[in-house]
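J.: Have a look at this fold, sequence not included:
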């Protein structure tokens, strides 16, 4: 399998854009939910909040991947 430098750079660019959009989206979702997600998950050991945050992360990742892929 031969990969050109342009293809590799495009892949890295799209991955970087996807990760950036995912982080911004997750930060916005954290602001929209009541309380602080990380404090609830880490300090309070709230498994229910961790499951909801994971589901939100998966849903957001699927949306970002579909938007980038076209």
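T.: Right, received. Where do you want to start? Not measured: the values here are computed from a predicted model.
J.: Chain neighbours aside, what residue packs nearest to residue 57?
T.: Nearest non-adjacent residue to residue 57, counting by CB to CB, 6 or more residues apart in numbering: residue 26, 6.2 Å away. For the C-beta atoms, the positions are set from N, CA and C on the backbone; glycine is no exception.
J.: pLDDT on whichever strand or helix holds residue 29, on average?
T.: Following DSSP states H and E, one finds residue 29 within helix 5-32. On average, the pLDDT along helix 5-32 is 87.
J.: cool, stretch 35-53 as well?
T.: For stretch 35-53, the per-residue pLDDT averages 88.
J.: Next, the distance between the ends of it.
T.: 12 Å (CA to CA, to the nearest Å).
J.: Figure out how far it is from the centre of its chain.
T.: 17 Å (CA atoms, centre = their mean, to the nearest Å).
J.: How about residues contacting that stretch?
T.: The contact list for stretch 35-53, computed with CB atoms under 8 Å, 6 or more residues apart in numbering, reads residue 30.
J.: follow-up on the earlier one: off-centre distance for the helix holding residue 29?
T.: Here helix 5-32 is found 8 Å from its chain centre; the criterion is CA atoms, centre = their mean.
J.: Buried residues, it. List them.
T.: 18, 21-22, 25-26 (16 or more other CB atoms under 10 Å).
J.: that older thread, which residues touch the residue nearest to residue 57?
T.: Residue 26 makes contact with 56-57, 60 under the criterion CB under 8 Å, 6+ apart.
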